[in-house]
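Asks: Need a 3D model of the following:
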Amino acid sequence: MSSCLSRLIVLCRHTNFTPTLAFFNSSLSLPIKRQTDTWAELICPKTGVGVMLQTTENESLLSAGYSPIVQFEVDDMDTAVQNAITNGGILDGPIKYKEYGKVAQFRVGEGGVMVGMFEVCGVLLPCWCVKGAKSKRAEAFRLTRKEIAKTFA
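Replies: Numbering: from 1, shown residues only. Here you go, the predicted model:
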């Protein structure tokens, strides 16, 4: 038996539903598939996975210890951050620049829904493709975009 992720369910306060929906739709470019006054289903175009926003009045489900963190891969972090702030997202700490990419976390509305954004900074290649690699084994080697241009120039 195998399984696959079909949808994520994100809980938010009823009073915060409209701005949270606008954030997911506008900042993350997730089209709305279905919507009522208390829930909406959006679709991630790249994966086809559904993201369901569901309102709840149960405070224990919305407390910090239970708040879901949903992470999306974005193509351009700078543009995504500006869109998120424009649509009501609150940057939760600085953007982190790691060797594997950029990472940002946002709080969306008063419900405290945490949304992460991730931009990959390079690609994985086997070592034998990389000039100067010490190993000829088919291990993954991460290159930044600048290193890719230099390696294959």
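Asks: what ranges of this protein fall below the confidence cut-off?
Replies: 1-4, 59-68, 110-112, 122-153 (pLDDT under 70).
Asks: ranges for the strands of it?
Replies: 7-13, 32-35, 39-43, 50-56, 69-73, 89-91, 96-98, 101-108, 113-120, 122-126, 140-144 (DSSP state E).
Asks: List the pairing partners of the second one within its sheet, with orientation.
Replies: Within its sheet, and counting by DSSP bridges, strand 32-35 is paired with strand 39-43 (antiparallel).
Asks: quick check: longest helix of the chain.
Replies: As assigned by DSSP state H, the longest helix anywhere in the chain is helix 77-86.
Asks: re the thing from before, okay, the strands of the chain in a markdown table with mean neighbour count and distance to residue 19 next?
Replies: Backbone N, C-alpha and C define where each C-beta goes, glycine included. Conversion of the strands of the chain to a markdown table gives the following (neighbours: other Cβ atoms under 10 Å; distance: least, Cβ to Cβ, whole Å):
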| stretch | mean neighbour count | distance to residue 19 |
| --- | --- | --- |
| strand 7-13 | 18 | 9 |
| strand 32-35 | 12 | 14 |
| strand 39-43 | 19 | 12 |
| strand 50-56 | 18 | 11 |
| strand 69-73 | 14 | 16 |
| strand 89-91 | 17 | 10 |
| strand 96-98 | 10 | 25 |
| strand 101-108 | 20 | 7 |
| strand 113-120 | 19 | 10 |
| strand 122-126 | 15 | 34 |
| strand 140-144 | 15 | 36 |
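Asks: possible to save those strands as a markdown table with distance to residue 25?
Replies: Putting the strands of the chain into a markdown table (distance: least, Cβ to Cβ, whole Å) gives the following:
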| stretch | distance to residue 25 |
| --- | --- |
| strand 7-13 | 13 |
| strand 32-35 | 6 |
| strand 39-43 | 6 |
| strand 50-56 | 10 |
| strand 69-73 | 13 |
| strand 89-91 | 12 |
| strand 96-98 | 26 |
| strand 101-108 | 12 |
| strand 113-120 | 12 |
| strand 122-126 | 30 |
| strand 140-144 | 32 |
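Asks: Of these, which is nearest residue 83?
Replies: Residue 83 lies closest to strand 89-91 among the strands of the chain, at 8.3 Å (Cβ to Cβ).
Asks: and residue 80, which of the strands of the chain is closest to it?
Replies: Of all these, the one in closest proximity to residue 80, counting by Cβ to Cβ, is strand 113-120 (5.3 Å).
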